[in-house]
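Trainee: Kindly return the folded structure for what I paste below:
(3 chains)
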Amino acid sequence: MTIVNAVLQGIFLGAFYAVLACGLSIMFGVMRIINLAHGDIAVLGAYVVFVIVQGTGMSPFVAFVVALPVMIVLGYLLQLTILERSLKSGILTPLLATFGLSIVIQNLLLIKFSPDVRSLGGEAGAVTTSSWQVTSGLSVSALGIVILVVAVLVFGALQLFLSRTRAGWMMRATADDADAAELAGIDSRGVYARATALAVAIAALGGLFLAIRSVFDPLSGPTQLIFAFEAVVIGGMGRLWGTLLGGLALGVAQTLGAQVNPEYSALSGHLLFLAVLVVRYGGLRLSFRAAR
Amino acid sequence: MTLLKVEDLDCRHGLLQAVRGVSFEVAQGETVALIGANGAGKTTLLRAIAGAHKPHGGRVLLDGADVTSMPAHRRVSLGIALVPEGRRLFPSLTVEENLRVAAARRGKWTVQSVLEVFPLLQPRRHMAAANLSGGEQQAVAIGRALMSNPRLLLLDEVSLGLAPIVVDAVYRSLAGILGEDTTVVVVEQDLTRALKVASRVICMLEGRIVLESAASSLDRDRVVSAYFGLKRPA
Amino acid sequence: MRVQRWTRTSKLFTGATVAIAVLLAAVPLVFDPDVVQKLTILLYLVLLAAMWNALAGYGGLLSVGQQAFIGIGAYGTVFFTGLGVSPYPAMVLAMLAAGLISVPISFIALRLRAAQFAIGMWVIAEAISIVVRLDQNLGAGTGISLIQLNQYAPNFRQAYTFWLALAFTVIFLSALFFLLRSPLGLSLQAIRDDEDAARSLGVRVASRKRLLFVLAGFGCGAAGVIIGANTLFIEPGSIFSVQWSAYMIFMVLVGGLGTFEGPILGAILLFGIQTTFTQGGPWYLVGLGATAALFALALPRGIWGTLEERLGLRLLPVGYRAVEKKGEERTA
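Mentor: Numbers count the residues shown, from 1 in each chain, chains lettered A, B, ... in the order given. I've put the predicted structure just below:
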């Protein structure tokens, strides 16, 4: 039963990772950029919600709705100032520029909010604490369900956007061939800005979930980035639903590892990630060549 | 009435000069064939007119308006459409999505009318573009450009990589499109086809225009020597 | 037209560099241990910058995980002294261990391109830091002291550490220097300019990159050894921190990516900033991050790279120059 419970908790954890990873996947899929500041943007979102909650006393979920436009504007700004310029330069430039941005965000947050660890679990109310005992040894938390449902909804909505709307087709077309898209009358700059805004908004959602289910501090960003990136790679880079599955797989790997020893949690995820890399990019190809 | 005017255009790829001081005009309703060997600068010139390549110097004027610094997607809304070399469809989109995603302007060309001109695409409407044959892809690429109901249609090597029978079919469909009030500049490697379809011929060599003449008053020898740069001053 | 390697300027400067190295050896004999400790920092910064530049500037490999080898170097010292080896020989062994470990890691890491490589290296560093953190013998999460170094009086200890740092820096800089001047160096330049074209010409891209990766493994391990010896206390959170990558990126971007002299300039700059703003703290890091990002976007060639381009300056003879002989007619 404990294994089954661990897998179940892993799925809930994985849904959280999937939300974190979603934005990263969008930016990579459309612009081929890995935003090294992605985790810090999620944490920034958490702090924006935090400030609103502190100031108004509303529920974090409601506060998020208020925070969303702020984050979207930040996303547009990010694209138009940093990312657009770095797209034109080499392959290394976006990585270097977003790495610098990551350091800036972390330390500005540190200056403004101090290194204190915070959480919004209490303010989120009953949803954080409720859970149901399905059977002895198997418990389902309300928060876990909420995050899982939201994750599926977000990915589903994204899928619909990309396959049924013209704006979505424009995004896929620009991702396929930005130059041909321009020639077909598509404003690629606008598409990139929308993609970044979308990625930042979903990252902020990830930040909200981080704040509620756990704790956060100004330096939490890199950890979220690593988990998000691992989820994307495990699921297959550039695959939307792959990112959801990758997140779930990562979550389960971590909770199963924790069963062996609580300290092995993150390490299990790292090992799964490295194993996927070896199989996908290394060993498997070699064996095909040998077989021929 | 002049629709397109190119003035002293200078285009570079890094340090390499691809288009040197090119000037010409295209009148409304004309069909001009742009010929020349590989590397003569034809594709770069078309891309500069369409807005995909920023010129180093010179101007591009559409109907008198200077569009030289206008990005490509804005030129589409003004009525310039380029069918790029190598077709460049969006592989993950279906035929219909490829047509619908292009910016549309009001006019006779809609998804329906495009599919009528290229009936072989009808059953493949919801097929991913990557799975189409070369001829079908070329049809979609032309259709995609038509969706913006262009005043100036630029066709870059539509016969490239296609079997002669397929090229015949493509040109037959084009005949239904050309000769209306669309102005066309077509880049074509096949001299015979170029001379058949165009009223005027411009030949480029190493980035410069070396011959410009009405198609009817042209003989093959003149074209060949201009094309290959024979009998150049030493 | 002559193809020239050594110019008068570069001959002068190479001579000066050798002289500087000799002079530096005298530092512990002249200055207080405090000053020596500070200058040791400068040395390992130069080493780190040169190694990161070897990877990114010459190999196109942007790693955000070199702290893995820094940590292995530092903890390797702990490990070997724990086995009873004398501290300074243990340090050399630790450096070798870091380099050797980089070999199997390269077989995973080098499969990846660009961003995947960058973060993949980071994940590897995290994984290694977790493994170290779990080991009680290595001090687990709280850290460990290099108590065996207490057998030396502070002056001597600081001097030995400095000389070891100097030796490491000279060795690795020289190795890089000769590497770049060799036919290998030319193929590296080709890889940097256009990897696929280079491969089609028969350049064995994979093995060249592996060479750089392993060299950087040894080099960053060496730096880690010095960092540990210089502060005496090693803690996994800080020795495996991605902050080291931040410093490396800053030094190389600001100094000049892909130039030999640039990283050295960047290291001197960072050292200057660090010693001036000893308060450190978040504002200092905001400045570093913003500067690195700005250089990436606006001045990608760094200070030295831009100077080199504008003035045609080359202080150390790493490349070739085509020189027109006086009085020769220009043809074509």
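
Trainee: does any part of the helix or strand harbouring residue A:86 sit near chain C?
Mentor: Assigning secondary structure by DSSP states H and E places residue A:86 in helix A:84-88. Yes. Interface with chain C: helix A:84-88 contributes A:85-86 (C-beta under 8 Å from any C-beta of the partner chain). The way it works is simple: take the backbone N, C-alpha and C, and place the C-beta from them, glycine included.

Trainee: can you pull the buried residues of that helix?
Mentor: For helix A:84-88, the neighbour count (16 or more other C-beta atoms under 10 Å in any protein chain shown) marks A:84-87 as buried.

Trainee: Near residue 161, how many residues? Count them for me, please.
Mentor: Here I'm looking at chain A. Around residue A:161 there are 14 other residues, counting by other C-beta atoms under 10 Å in any protein chain shown.

Trainee: To clarify, I was referring to chain C.
Mentor: Neighbour count for residue C:161, taken as other C-beta under 10 Å: 27.

Trainee: same question, the one 3 residues further on
Mentor: Burial of residue C:164 is recorded as 20 neighbouring residues (other C-beta under 10 Å).

Trainee: same check, this time on residue A:208
Mentor: Neighbour count for residue A:208, taken as other C-beta under 10 Å: 27.

Trainee: do residue C:265 as well
Mentor: By other C-beta under 10 Å, the residues close to residue C:265 number 21.

Trainee: just checking, it touches residue C:304?
Mentor: Yes. Applying C-beta atoms under 8 Å, one finds residue C:265 in contact with residue C:304, separated by 5.2 Å.

Trainee: Over to residue B:89: give its phi and psi.
Mentor: Residue B:89 adopts backbone torsions of phi -80, psi 170, taken as degrees, to the nearest 10.

Trainee: Excluding residues flanking it in the chain, which one is nearest it?
Mentor: Distances taken as C-beta to C-beta, 6 or more residues apart in numbering or on different chains place residue B:129 nearest to residue B:89, at 4.2 Å, with adjacent residues excluded.

Trainee: Tell me where the chain has strands.
Mentor: In the absence of a named chain, chain A is used. A:131-135, A:138-141 (DSSP state E).

Trainee: Hmm, no, I was thinking of chain B.
Mentor: B:2-13, B:16-27, B:31-36, B:57-62, B:65-66, B:80-83, B:152-156, B:183-187, B:200-205, B:208-214.

Trainee: Equivalent analysis for the stretch 1-150 of chain C, please.
Mentor: Along the stretch 1-150 of chain C, counting by DSSP state E, counting those that start in this stretch, strands occupy C:2-4, C:144-145.

Trainee: Select from the ones you listed the stretch with the lowest mean pLDDT.
Mentor: Across the strands of the stretch 1-150 of chain C, strand C:2-4 has the smallest mean pLDDT, namely a mean of 64.

Trainee: Deepest in the core, which of the strands of chain B is it.
Mentor: Compared across the strands of chain B, strand B:80-83 shows the largest average neighbour count, a mean of 28 (mean count of other C-beta atoms under 10 Å in any protein chain shown).

Trainee: Name all residues that make contact with whichever residue of chain B sits closest to chain A.
Mentor: Residue nearest to chain A within chain B: residue B:103 (2.6 Å; C-beta to the nearest C-beta). Residue B:103 is in contact with A:184-186, B:73, B:76-77, B:147-148, counting by C-beta atoms under 8 Å, 6 or more residues apart in numbering or on different chains.

Trainee: Now distance to chain C and mean pLDDT too, for the strands of chain B, in JSON lines please.
Mentor: Formatted as JSON lines, these follow (distance: least, C-beta to the nearest C-beta, whole Å; pLDDT from 0 to 100):
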{"stretch": "strand B:2-13", "distance to chain C": "15", "mean pLDDT": "92"}
{"stretch": "strand B:16-27", "distance to chain C": "15", "mean pLDDT": "91"}
{"stretch": "strand B:31-36", "distance to chain C": "24", "mean pLDDT": "90"}
{"stretch": "strand B:57-62", "distance to chain C": "24", "mean pLDDT": "93"}
{"stretch": "strand B:65-66", "distance to chain C": "30", "mean pLDDT": "92"}
{"stretch": "strand B:80-83", "distance to chain C": "28", "mean pLDDT": "94"}
{"stretch": "strand B:152-156", "distance to chain C": "25", "mean pLDDT": "93"}
{"stretch": "strand B:183-187", "distance to chain C": "27", "mean pLDDT": "92"}
{"stretch": "strand B:200-205", "distance to chain C": "19", "mean pLDDT": "90"}
{"stretch": "strand B:208-214", "distance to chain C": "19", "mean pLDDT": "88"}
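
Trainee: Turn those strands into CSV, including distance to chain A.
Mentor: Formatted as CSV, the strands of chain B follow (distance: least, C-beta to the nearest C-beta, whole Å):
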stretch, distance to chain A
strand B:2-13, 14
strand B:16-27, 16
strand B:31-36, 17
strand B:57-62, 15
strand B:65-66, 18
strand B:80-83, 5
strand B:152-156, 9
strand B:183-187, 14
strand B:200-205, 21
strand B:208-214, 24
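
Trainee: Nearest to residue C:232, out of those?
Mentor: Smallest distance to residue C:232 across these (C-beta to C-beta): 57.4 Å, for strand B:2-13.

Trainee: which other helices and strands contact that closest one?
Mentor: Packing partners of strand B:2-13 (3 or more C-beta pairs under 8 Å, 6 or more residues apart in numbering or on different chains; DSSP states H and E): strand B:16-27, helix B:42-50, strand B:57-62, strand B:183-187.

Trainee: neighbours of residue C:193, just the number please.
Mentor: 10.

Trainee: how near is it to chain B?
Mentor: Look at residue C:193 and chain B: by C-beta to the nearest C-beta, to the nearest Å, they are 12 Å apart.

Trainee: so what's the backbone phi/psi at that residue?
Mentor: phi -70, psi -40.

Trainee: what's near enough to touch residue B:72?
Mentor: Residues near residue B:72 by C-beta under 8 Å, 6+ apart: A:182-183, B:50-52.

Trainee: how far away is it from residue A:184?
Mentor: To residue A:184, residue B:72 is 9 Å away according to C-beta to C-beta, to the nearest Å.

Trainee: and what of residue C:273?
Mentor: With distances taken as C-beta to C-beta, residue C:273 is found 49 Å from residue A:184.

Trainee: that older thread, can I get the contacts of residue B:103 in TSV including distance to chain C and pLDDT?
Mentor: TSV is the format used below for the contacts of residue B:103 (distance: C-beta to the nearest C-beta, whole Å; pLDDT from 0 to 100):
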residue	distance to chain C	pLDDT
A:184	28	94
A:185	29	93
A:186	25	95
B:73	24	94
B:76	30	94
B:77	31	93
B:147	35	92
B:148	34	92
